[in-house]
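In: Just a sequence and a predicted model for now, questions to come.
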4 protein chains.
Amino acid sequence: MALLDEGARGVYIISATPFTDDGAVDWASTDRLMDYYVESGVDGVTILGVLGEAPKLSAEESEQFVARVAKRLAARGTPIVVGVSNPGLKLLGDFARRSMDLGAAGVMVSPVAGLRTDEQIYGYVESVVKELGSDIPVVLQDFPQLTSVVMSATLLNRLFADFPSLKMLKHEEAPGLRKLSKVRAAEKSGARSRRISILVGNGGIHLMQELLRGADGAMTGFAFPEMLVGVCRKFFAGDVDGAEDLYDAYLPVVRHEAQLGFGLALRKETLRRRGIIASARTRAPGPSLDADDHAELTHLLRRLERAVARAGAPAPKIAAE
Amino acid sequence: MALLDEGARGVYIISATPFTDDGAVDWASTDRLMDYYVESGVDGVTILGVLGEAPKLSAEESEQFVARVAKRLAARGTPIVVGVSNPGLKLLGDFARRSMDLGAAGVMVSPVAGLRTDEQIYGYVESVVKELGSDIPVVLQDFPQLTSVVMSATLLNRLFADFPSLKMLKHEEAPGLRKLSKVRAAEKSGARSRRISILVGNGGIHLMQELLRGADGAMTGFAFPEMLVGVCRKFFAGDVDGAEDLYDAYLPVVRHEAQLGFGLALRKETLRRRGIIASARTRAPGPSLDADDHAELTHLLRRLERAVARAGAPAPKIAAE
Amino acid sequence: MALLDEGARGVYIISATPFTDDGAVDWASTDRLMDYYVESGVDGVTILGVLGEAPKLSAEESEQFVARVAKRLAARGTPIVVGVSNPGLKLLGDFARRSMDLGAAGVMVSPVAGLRTDEQIYGYVESVVKELGSDIPVVLQDFPQLTSVVMSATLLNRLFADFPSLKMLKHEEAPGLRKLSKVRAAEKSGARSRRISILVGNGGIHLMQELLRGADGAMTGFAFPEMLVGVCRKFFAGDVDGAEDLYDAYLPVVRHEAQLGFGLALRKETLRRRGIIASARTRAPGPSLDADDHAELTHLLRRLERAVARAGAPAPKIAAE
Amino acid sequence: MALLDEGARGVYIISATPFTDDGAVDWASTDRLMDYYVESGVDGVTILGVLGEAPKLSAEESEQFVARVAKRLAARGTPIVVGVSNPGLKLLGDFARRSMDLGAAGVMVSPVAGLRTDEQIYGYVESVVKELGSDIPVVLQDFPQLTSVVMSATLLNRLFADFPSLKMLKHEEAPGLRKLSKVRAAEKSGARSRRISILVGNGGIHLMQELLRGADGAMTGFAFPEMLVGVCRKFFAGDVDGAEDLYDAYLPVVRHEAQLGFGLALRKETLRRRGIIASARTRAPGPSLDADDHAELTHLLRRLERAVARAGAPAPKIAAE
């Protein structure tokens, strides 16, 4: 499997971890989900992200999940990024190495919660890079909403200048549009020689603005990956308004699914309704939908079909509730 | 001026505080802004909210602002709610009483930052209600994104059951849709006899879902108050899809303006471009737009005009940049 | 092994997890440490606490650690409490059951970070109690400095009233003296019929005040467990001033070691200097001492010897640096 | 009045703001308190600190307080530092200028809550320095426990290198001993040419360690300022162990009073018992003592008298309860 590098662009979908109704990892749904992602045209799949319920999997389950996904995607040539964030540096390293052995193209790391100053964060990232060695490509996840670790553009520019194994920034600070521009500006000005890959998260809630500011695509979860793919393809083909028209048709659902924490339940339920995974179950403690939430989702998906039709885009496949 | 009561519904727009380019309160723009709000059909105006730069006004300026707005709106019969949150209980009470004397219909209070448990929050709200007496109607603001004070539906139901002078909940927790349903459910089930007014905030990012769950309207800032008014009117007239079609046309801008903190600069700049206020200036420390932000806003407003036209809604008045 | 119950009192020392200089679990030091705790007269040992580097051990290492400690302490009849806090409820349950099988007297659980309202916390503790069943005694850890989860006395009283398998409160909120009194008051007033065990943490920084307010002892780490034991014994024998004289002699070191996060490095180094563990190493990311820190500790330990001698207490065993 | 400069050392006591039982500022107690501070030998007095209830005073009261204290202390030549932290930069500047006009020697500023990255904090401090001009000496308060703003040694060194009007660091991060050493190290190594004044806070809980690491004294509240003065004088006269013996005699009370937030009530009550202020009242929302708290304080003060006698230090003046 080719390793992740700075040229990565397009859509790296953040994968849910499917469970059966009794809470076990659902391997059949996992396979179906991977197939669906590939059919949707994604450029990569990121598994075991911080919102992907990774901390609720045992070490054994995590490893099995990597192996299963790697096997499924190997044939299609779709690269896999594995979230390996961990409170312990050695555990992080061990799982990263095991994931690479199993066929991952790279790993994603989010600084541990509690880091505050530039020098604390720099020191932590430095220790991660050292632990992983120069051969494991790293996606640096910048998600202060969850970790409370805030990385300035200045700091990010230093980190990417100093550590070549950092290949990609998963940009998720919100609001964070100006930061993205500043990170790109450092490349244009020559302050950093290497152009890094920047994919954006947060469910794509600002995707068009981020593409216009220099993002290379999205690394995020969304129950309709084909929209993310379509938007990025149109955008990079130069059809900015076409991309944004498609995006705006989905925006009401993007906005709904972007609810922090709760969005995971919406995303899984939508994937279930679409026939891709068998159960919307999350592991405890985790969110689930009540009757009101179901009715609300039904309403929004019904409207989505109309909006997509109006935009002249391919109809999203949504089963009846 | 009639006092605020539980029957309040529709749109209570959160007003910006206009400044001149050198940082003084801009009284002419303030008048124009109030006139514009009234022309847009708002049901009330809320001034000196926590995001309305209230903490950056001197006590003297705050009082002058209340007096000016009260005078301007008195003739139109538009009720005013004044944000009076304050680290000191006595200062809060003094300013609330002064505001009522000047013609306010009620005051808005957000629990002081640092309160954590149900009993701490209950105790604080109790002390506020006691300080204000039974004659001053209170809007309880629930905005944990800013205060870190999280109020459960259970707690809110207790507070509204125990303190009759609490008339309205400004609902802003996010995600918070289920909480809204729970607060309403307590009324339907008879657990709380009084039906309170619930207006929603967060720039209206979930307005349609909130209306469908029982909200009475919005108390939020948005640079196009006529959209909020139109949506609420259609919704309460029974035209749910018409309301949501109008809403969705504006959603890309709603979403853009909902950026926490930075959104204030976007809102002021949009009001400036619309010819309503003279300067987009915020007081330091505060956000401002750079060239990229301006271009991005221009792009989104241009698309807004097209989307609104497509939705068959009245064209929003937007001057050239 | 007898199970933990509400009658637990005295000192349950929070054990460090000893590592060798290259970061492996140091089993010989672990045995020596357990022996030392027993010789010091502790009433129980708590392992794998949140500050005990538990999150940096693999699942396998954790289980081995429980097994090793259980075997070592079984002969002495010293009960073991195992910290089993975990982001996943099922993982928590699995490790708790495994720990009980290996001979633990009970488990300690801290609510997951992110819970805010009384009902969220209640719901989480309820789910834990349900997962563990009625046969596993639970210590509820109340440590908001680390988790940001704040439990009021009212909430604690409800939890202990509703869930009989909660046997002990590990009280660590700070400041939290009044809360301790309120939890005890609910028993005196009959509001809760069962008297629970309350042991205090925070390195014992307010131990005397807490004993006077009704605590049953301490569950905390401190490099001189014999002081904690001596203070509790004197106190429960009625010699309040004698207890406090002994305590005050150690207070400068208690205060020094109570530095949040960094205290772990001081505690391990002191245990190393005392000849109990072989290395002061913590796992990355973790604190360590520099030359200034070493000199400072030396200075404080030298003064400790004098203060203890002046108080007429048994000399603490401290090796030269 | 001479202006504050880098040579400031010794004890700058953080003054409480005395209120009467009905909540008004108590001017007679204010005078008595200032007299007491001077008699205790303090080198300066800091008023309207963040824990000194400053946010609960009206702008008018704040100015009156500065004027009263300035008048009282002018005759003794004791310099005054005024806390001027404010959410608005202009309000901060206005009050600082007014305070200097009234006779302050300098002002103290804490970065506004919410700043996270080095560049955000740097930018804010820069804007403050610019607003105040080069003539107003500034104490930079570093108190993340309250503000959540964490400043690294690297950042502090940059700030003090770049802005000459920053004269003193009020060091209060905890744990923060190593940071203090790093700030001093930058001077020894020549990385920063100017030696700044560093006074420490947190109730002096690590005062001796901080003096040994290069602090110039304390800027903190404590109900026995004579202890802080005695410790600093002995220390700077070279009697380290004598200083620490005196300190340790008071440590149980220092530790008790260091309870964040609640300590203010203890401090005021102790000053009241000592006959210095008339009422221990704090303004709402604020802490107060219940019967248990009173008994506990009595117990600790009784033990203090014995400990001080044993240490051969002058007896602290404590009236009967």
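Out: Alright, I've got the coordinates. Residues are numbered from 1 along each chain as shown, chains lettered A, B, ... in the order given.

In: Residue ranges in chain A under the pLDDT threshold?
Out: For chain A, the stretches with pLDDT under 70 are A:1, A:319-321.

In: Now for A:Lys71: which residues touch it?
Out: Applying Cβ atoms under 8 Å, 6 or more residues apart in numbering or on different chains, we find A:Lys71 in contact with A:Gly103. The way it works is simple: take the backbone N, C-alpha and C, and place the C-beta from them, glycine included.

In: how many degrees apart are the one helix or strand it maps to and helix C:59-74 in direction?
Out: Take DSSP states H and E as the rule and A:Lys71 turns out to sit in helix A:59-74. Angle, helix A:59-74 to helix C:59-74, by axes from the mean of the first three to the mean of the last three Cα atoms, to 10 degrees: 170 degrees.

In: What pairs with the following helix or strand past helix A:59-74, parallel or antiparallel?
Out: In the C-terminal direction, the helix or strand that comes right after helix A:59-74 (DSSP H and E) is strand A:80-83. Taking DSSP bridges as the criterion, strand A:80-83 forms sheet pairs with strand A:44-47 (parallel), strand A:106-109 (parallel).

In: and for the last one, what are the contacting residues?
Out: Pointing back at strand A:106-109 there. By Cβ under 8 Å, 6+ apart, strand A:106-109 touches A:3-4, A:46, A:49, A:79, A:81-85, A:92, A:96, A:99-100, A:125, A:128, A:132, A:136-141, A:167-168, A:170.

In: hang on, the earlier thing: let's have the strands paired with strand A:80-83 in TSV, adding mean neighbour count and distance to B:Pro285.
Out: Shown next, in TSV, are the strands paired with strand A:80-83 (neighbours: other Cβ atoms under 10 Å in any protein chain shown; distance: least, Cβ to Cβ, whole Å):
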stretch	mean neighbour count	distance to B:Pro285
strand A:44-47	26	36
strand A:106-109	26	32
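
In: Which positions in the stretch 51-200 of chain A make contact with chain B?
Out: Applying Cβ under 8 Å from any Cβ of the partner chain, we find that the stretch 51-200 of chain A lies next to chain B at A:174-175, A:177-178, A:181.

In: In strands only, show me the residues you listed.
Out: The strands, defined by DSSP state E, take in nothing from these.

In: what's the closest of those to D:Ile276?
Out: A:Pro175 (49.6 Å; Cβ to Cβ).

In: Give the burial count for the closest one, as a bare number.
Out: 16 (other Cβ atoms under 10 Å in any protein chain shown).

In: That one against B:Phe262, yeah?
Out: Yes: judged on Cβ atoms under 8 Å, A:Pro175 makes contact with B:Phe262 at a distance of 4.5 Å.

In: Can you show me the strands along chain A?
Out: A:10-14, A:44-47, A:80-83, A:106-109, A:138-142, A:166-171, A:197-200, A:217-220.

In: looking at the ones you listed, which is buried most?
Out: strand A:217-220 (a mean of 30; mean count of other Cβ atoms under 10 Å in any protein chain shown).

In: Do stretch A:12-29 and chain C come into contact?
Out: Yes: judged by Cβ under 8 Å from any Cβ, stretch A:12-29 comes into contact with chain C through A:Gly23.

In: What's the end-to-end length of that stretch?
Out: 19 Å (Cα to Cα, to the nearest Å).

In: any idea how far it is from the chain center?
Out: 16 Å (Cα atoms, centre = their mean, to the nearest Å).

In: How about the contacts made by A:Val69?
Out: A:15, A:30, A:34, A:45, A:47, A:80.

In: how near is the nearest residue to A:Asp21 once chain neighbours are set aside to chain C?
Out: Spatial nearest neighbour of A:Asp21, chain neighbours left out: A:Ser279 (4.8 Å); criterion: Cβ to Cβ, 6 or more residues apart in numbering or on different chains. Distance, A:Ser279 to chain C, using Cβ to the nearest Cβ, to the nearest Å: 15 Å.

In: With A:Arg306 instead?
Out: 37 Å.

In: what's the answer for A:Ser127, then?
Out: 6 Å.

In: Just to check, that residue is in contact with C:Pro285?
Out: Yes: counting by Cβ under 8 Å, A:Ser127 does reach C:Pro285; the two are 6.6 Å apart.

In: Tell me which of these two has more neighbours.
Out: C:Pro285 (19 against 15).

In: show me the contacts for A:Leu3.
Out: A:105-106, A:137.

In: For it, give me phi and psi.
Out: phi -80, psi 150 (degrees, to the nearest 10).

In: buried set for stretch A:179-191?
Out: A:179-187 (16 or more other Cβ atoms under 10 Å in any protein chain shown).

In: so does it get close to chain D?
Out: No: applying Cβ under 8 Å from any Cβ, one finds stretch A:179-191 separated from chain D by no less than 9.8 Å.

In: Not counting that stretch itself, show me its contacts.
Out: A:152-154, A:156-157, A:160-161, A:169, A:171, A:173, A:192-196, A:198, A:200, A:210, A:213-215, B:292.
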